[in-house]
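In: sharing a sequence plus its predicted fold:
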Amino acid sequence: MSIMGTRVLRTEDPRLLTSGGVYTDDLRVPELTGAAYVTFVRSPLAHALITGIDTSAAADMPGVVAVLTAADLPAPPGDGDPAAEPLLAGDRVRYVGEPVALVLTEGRYQGEDAAELVSVDYDPLPAVTGVEDSLTGETLLFPGTDSNIIGSGTAGEWDDAAFDGCEVVVERTVVNQRLAPVPLETRALAAAWTGDRLTIWSSTQNPQLARGAITGALGMDPAAVRVITPDVGGGFGAKVAVDRDAIAVAWAAKHTRHAVRWIESRSENMVGMVHGRGQRQTYKIGGTRDGRVLAYHLDIVQDCGAFNRLGAFLAQLTALMAAGVYDLVHAGASFRAVATTTTPIAAYRGAGRPEAAAAIERAMDDFAAEIGMDPAEVRRINVVAPDRFPFTTLTGATYDSGEYAAGLDRVLAAADYPALRAEQARRRELGDVVQLGIGMSVYVEITAGDMGGETARVVVGDTGAATVFTGSSAHGQGHHTAWAMLVQDELGIPMDQITVVHGDTDIIPEAIGTFGSRSLQLGGTAVVQAAGEVKEQARRLAAEMIEASEADLELDTARGTWQVRGDPATALRWGEIAGRAGPDGLAADARFDATAPTFPFGAHLAVVEVDTETGKVTLARHVTVDDAGRILNPVLAEGQRHGGIAQGVAQALLEEVRFDADGNPLTSTLVDYAAITAPELPSFELVASETPTSINPLGAKGIGEAGTIGSTPAVLNAVIDAVSHLGVRHIDMPATPERVWAAINEARAGR
Amino acid sequence: MKVAISVNGRQVEAEVEDRLLLAHFVREVAGLTATNIGCDTTSCGACTVLLDGESVKSCTVLAAQADGREVTTCEGLAGPEGRWHAVQRGFHAEHGLQCGFCTPGMMMAAVSLLAENPDPTEDQVRAGLEGNLCRCTGYHNIVRAVLAAARDGQQHEAEARYDQASELPGEAS
Amino acid sequence: MIPAPFTYQRARTVEEALDLAAEAGDEGKYLAGGHSLLPLMKLRFAVPEVLIDIGRLDELSYIRDEDGHIAVGALTRHHDLEYSELLAAELPLLARAAGAVGDPQVRHRGTIGGSLVHGDAASDLPAVGLALDATLVARGPSGSREIAMTGFFRGLFETALEPGELLTEIRLPKPSERGWSFQKFTKRAIDWAIVGVAVQGGRVALVNMGSVPARAAGVERALAAGEGPAAAAAHAAEDTSPASDINASAAYREHLARVLTARALTEAASRS
């Protein structure tokens, strides 16, 4: 029986559960003995000119090895881009938390003491704290530019006349709020010289890309740098490659020739690591009174933070996916990406796609409320039919496969939707203080959209054991278990004889790594292809060894032996064949480049209870279909769905990064930033669904972000649904108790 | 100042700064790095260890306060010959970890929770883990892991009682 | 996340603690469970030069039935209050509130004395102490004195304790009116109260409705005048000055105070 699709517990676990993972700050390797600790000096102001830096007191403190500022940096390559982001702030700072200097100390505890002694003089400039503020252009972040607009664009052919034929038009401006990724392990990096080579240990999702970023920024030959990824305590997109803080640490090692190690505090992480989301959205949806949506337009203003790390690209993705799962007559999107004096925004679980789903799923409910129709029914009428795939949307995406209506029907059935509506009606009739809300979403998302491919190497040695070298770079996803399953299935070598290696540029020089839910479909396929090539090499050798023709040979994957079909007496073990291949055994490299991205989809249904006196929301049930094609290991897939759902629920109900009018962060600790905890969540109800894709031989799409994308709109819709009978039509996220209370009051006052 | 702390049954003595946090004593002086530090406001619980058998956040305890006391960390959970603790078995069986960073602290919190409440409901498990943040799992499987550990523990208790009972004369087996 | 350097001293007796505090003067702070003080020190909001660890003074950790009142040692941990059978029988309000402080790990370290002396109006136990009409016992260089709970909280994080004085005991009269309720409103279970209400009989105290823990005098007057829960609760926000912060606006807090007080009074009535 094939292991594919079966529940296999993780091979990663024993080490993590006993001695614990080895994350970057845990490293006790000889090269890092005596490494200096790096502590940053960061800007306390959102926008200011730096008029002076006095490092003398810090430099004089016992235990201080070096104090470095922008003055020590080599001049940047002169392309004169006014919006370029420096490693350390030079003449001005543009967000609270921006690195201004760094100190190297002998002892860990001395770091903060020394950093406090660095004296920086600032001349404050006006802060630009929201997209509205930024659009006025009153204060420009970058001298020499004429606006704060970093990028703009559209998706789809659009003419406002599309709404002329609509009996009903609803327009609304909503917020998709800024979030903090909060991986449990903050950013960390260590570096040490071995002769003329610099070894870097980085808490990254992409060691190869990290090496490219570091060597590019520092003008180093990639051959002189080795990047190793130790265990990584969560990434969620925020640890893609490396950012300027990490590069600055690597630079400190280069500049001083001293081994260094760095891990930031959580307070630094909350302002220094990239944030996610941050869009002001205006949707306009029009259609007929009997539920047919004819036209949909989404305008996006994307907050990029102080620099364009990824803001414009995120908005572009949102525009691309704006049409969602719907078959519309007219659809279009437009975006502007603007700079603000805040932490830069980049990828965070979903990266542009949650924003698209949140907008159109809110719009669908808004439209349904306007025409007085059940939101499930409106969706059924408008989703793309199953016989229309591959389906190209008006905003430019081509969806490979999907069963949108079926997914919705399955969650509705699993949740017993009619019973929920009956209970809601009963409570409304009685005027219960605690009302029931039912919300749903039907979503689609794009995975492996980067089109960068992935690499793998499979080696079988003369003991019969296999080693898999993968370009993927897991940080909790369980790739080692999954890739071992793939190789067992392909070659019949048992999992306990398979070792998976990742995260070392000396061993795996070319790869992209893990983000965008790409790893199984790209990295996994590369593994299968490399294993397939090893299989063919083995077949050729086995034919020689048995003196039979290749066509007569079979691989018995249950036993892991090669033999003439039907003649077990001829059986050869993998080790025998590998030994015959030579000292390096059997080995093959593969690189898989998919021809297109894949499009997982699903439906979520959330049931909330709202205390109408206090506004407090309790998530009672959350039921989902998250269809990512053929599932390799349901244990891993479910775990990804659970984690994704939790983060999506958190956006709907709790989490928000906030700044005051001066750009000071108000949520820079885990006391103030309401990261979701266990008591706020129920156990989730997952419905299985597998609609394969033909884009890769595994039939697999990406599951990592789907749960987040589907859950946020379902929960928000549920909250609004709970109080819609009181006249509430919208509540912005997060739907905190006060926001719900205020919405109820406004609605009552409006009557 | 000098401190002497028993860590997983082993005496660890050292001359340390007065301000040394227990978390750093465990990680750097005792050399046990499974216990992680995830925040600076006593919020995340990644640093949870047992102090004289009760869960504490080791980032908010001075090594000096733990002087002369017993600390148990993740590395001390497995029994002799490496037999896994019921909580470790539960976390593995129920896929209660992904990146693993929160896991040692989460498990120590669970051990303490089960010591005080050996047969918790799901709600009691969630409430008991309110001080431990996980970003990967959505807590769903962590709750299952702790409930599995509870059943596992109850099973062993029942077996122990059975074994005891069978030693008494005249008891039927 | 690392405190500024300080000198650690450990007191083996109450007398030694007082002596060390006198020596350290302004530069010294007592360290009990440390879960109010150490978080402030780790962010360098507090930078005492001397910490006097009183955490080993086991003689100050007790819960005793003392003839008309319950005597609680100042170093009794929230965990022990939460699980005390004596408190469950005599002062369930205190047991319940202690069980809502922070999380289990915090409750294994934090003490009632530390919480009261820290004097944070957003903390739960000061309001409970007020609702239970506690009397505090403090030891200073010149001996012991009693301080009534009402009047103990003087201002923002400011109490009636003199420099160097050590809180040793909290005396809680056994309530004549047995109805009680504790309502703590948060976004997440682990959060500090956005607003909280502690009720014991006719005494009502509020959490986080101003910079100083206080009783809801207007509510108490209404109750004494015979008004029912809803009518009395309408006075909950009178003479309060709740903050507007990232967790709630003042107006919302005032609303919550009324709603929670009504619920607390109703629940207390059902228990009396």
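Out: Perfect, I can see it now. Residues are numbered from 1 along each chain as shown, chains lettered A, B, ... in the order given.
In: quick one: the nearest residue to B:E157 once chain neighbours are set aside and chain C, what's the gap?
Out: Leaving aside its chain neighbours, B:E157 sits nearest to B:P118 (7.7 Å; criterion: C-beta to C-beta, 6 or more residues apart in numbering or on different chains). All C-beta spots, glycine's among them, are computed from the backbone N, C-alpha and C. Separation of B:P118 from chain C (C-beta to the nearest C-beta, to the nearest Å): 14 Å.
In: ok, B:P118 - contacts?
Out: B:150, B:153-154, B:157 (C-beta atoms under 8 Å, 6 or more residues apart in numbering or on different chains).
In: what is the helix or strand hosting A:V442 packed up against?
Out: Element membership of A:V442, judged by DSSP states H and E, is strand A:434-444. If you count contacts as 3 or more C-beta pairs under 8 Å, 6 or more residues apart in numbering or on different chains; DSSP states H and E, strand A:434-444 packs onto helix A:353-371, helix A:375-382, helix A:404-415, helix A:417-430, strand A:601-611, helix A:706-722.
In: let's go with 10 Å and repeat that
Out: Here strand A:434-444 touches helix A:353-371, helix A:375-382, helix A:404-415, helix A:417-430, strand A:601-611, strand A:617-627, helix A:706-722, going by 3 or more C-beta pairs under 10 Å, 6 or more residues apart in numbering or on different chains; DSSP states H and E.
In: what's downstream of that strand, the next helix or strand?
Out: Beyond strand A:434-444 in the direction of the C-terminus, DSSP H and E gives the next helix or strand as strand A:454-460.
In: regarding chain C, what is its longest strand?
Out: If you go by DSSP state E, chain C has its longest strand at strand C:166-173.
In: that one vs chain B: in contact?
Out: No. Applying C-beta under 10 Å from any C-beta of the partner chain, one finds strand C:166-173 separated from chain B by no less than 17.6 Å.
In: mind listing the strands that strand pairs with, and their directions?
Out: Within its sheet, strand C:166-173 is paired with strand C:69-73 (antiparallel), strand C:135-140 (antiparallel), according to DSSP bridges.
In: so which of the ones you listed comes closest to C:P163?
Out: Across the strands paired with strand C:166-173, C:P163 has its closest neighbour in strand C:135-140 (9.0 Å, C-beta to C-beta).
In: which outside residues touch that closest one?
Out: Strand C:135-140 is contacted by residues C:14-15, C:17-18, C:21-22, C:60, C:69, C:71, C:73-74, C:113, C:116-117, C:129, C:144-150, C:152, C:159-173 when judged by C-beta atoms under 10 Å, 6 or more residues apart in numbering or on different chains.
In: tell me which of the contacts of B:P118 is nearest to chain A?
Out: Using C-beta to the nearest C-beta, B:A150 comes nearest to chain A of the contacts of B:P118, at 15.4 Å.
In: now whichever residue of chain B sits closest to chain C. Nearest residue, chain neighbours left out?
Out: Ranked by C-beta to the nearest C-beta, the top residue of chain B for proximity to chain C is B:G131, at 2.7 Å. Spatial nearest neighbour of B:G131, excluding adjacent residues (C-beta to C-beta, 6+ apart): C:D103 at 2.7 Å.
In: longest helix in the chain, by number of residues?
Out: With no chain named, the answer covers chain A. Scanning chain A for the longest helix, with DSSP state H as the assignment, gives helix A:525-546.
In: actually, chain C is the one I wanted.
Out: Per DSSP H, chain C has its longest helix at helix C:250-271.
In: okay, now A:V232: neighbour count?
Out: 27 (other C-beta atoms under 10 Å in any protein chain shown).
In: for the one 3 residues further on, same thing?
Out: In terms of burial, A:G235 registers 29 neighbours under the definition other C-beta under 10 Å.
In: tell me which helix or strand it sits in.
Out: For A:G235, there is no host helix or strand (DSSP H and E).
In: okay but it is in contact with A:S519, surely?
Out: No. Taking C-beta atoms under 10 Å as the definition, A:G235 is not a contact partner of A:S519, at 11.9 Å.
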